[in-house]
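this one's sequence-less:
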């Protein structure tokens, strides 16, 4: 199977276009997680989109990732239940990567994806980024690329993987 990977960046705050939707969630930084909770967020948001690279991780690896300097994990909760999450990672020089970003299946199609992506971008700027980077691919949600581009990201590289 061939997959196209899109590498996108946002290098100017003025290029950022927030969603017009209102947030229906409360955003919390995950600071003292269990490995099970981190695994749940990853699996629940990515299982429909072929996220498999972290599937074999041990509990220790999940906790070590969350504890790495410059890594932040944020969860959006609606009525106490997770709606989606994102993982950010600081990279020199002054880049923050949106490593993972996703909604749980019940939240897909509700308009909250653009809102939550805007929260991730704003947090990246708050971390001191002058560049926000993300990648997506043709295995992700069919509207993922459009969501990133709608927030102001520009594709700077495409690669075909088979």
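Arrived safely. Predicted model, so just to flag it, every value in this text is computed and none were measured.

count of neighbours near residue 104?
17 (other C-beta atoms under 10 Å). Just so you know, the C-beta spots here come from the backbone N, C-alpha and C atoms, and that holds for glycine as well.

my read: it touches residue 84, true?
Yes - contact criterion C-beta atoms under 8 Å: residue 104 and residue 84 qualify, at 6.1 Å.

what do those two both touch?
Common contacts of residue 104 and residue 84 (C-beta atoms under 8 Å, 6 or more residues apart in numbering): residue 45.

max-length strand in this protein?
strand 81-91 (DSSP state E).

what strands flank that one, and is each parallel or antiparallel?
According to DSSP bridges, strand 81-91 forms sheet pairs with strand 71-78 (antiparallel), strand 95-103 (antiparallel).

just put those strands in CSV and tack on mean neighbour count, distance to residue 133 and mean pLDDT.
Below are those laid out as CSV (neighbours: other C-beta atoms under 10 Å; distance: least, C-beta to C-beta, whole Å; pLDDT from 0 to 100):
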stretch, mean neighbour count, distance to residue 133, mean pLDDT
strand 71-78, 19, 14, 97
strand 95-103, 21, 5, 97
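
between those, which one is nearest to residue 12?
Closest to residue 12 of these, according to C-beta to C-beta: strand 95-103, at 13.6 Å.

after that closest one, next one along is what?
helix 112-126 (DSSP states H and E).

other residues contacting that next one?
10, 13, 16, 18-19, 21-25, 27, 72, 74, 76, 83-84, 86, 88, 96, 98, 101, 103, 107, 132, 143, 147-148, 150-151.

again, only this time at 6 Å
Residues outside helix 112-126 that contact it (C-beta atoms under 6 Å, 6 or more residues apart in numbering) are 16, 18-19, 21, 23, 27, 76, 84, 86, 88, 96, 98, 103, 132, 147, 151.

cool, stretch 143-161 as well?
The contact list for stretch 143-161 (C-beta under 6 Å, 6+ apart) reads 2-10, 15-17, 113-114, 117, 136.

any idea how far apart the tips of it sit?
For stretch 143-161, the first-to-last residue distance is 20 Å (C-alpha to C-alpha, to the nearest Å).
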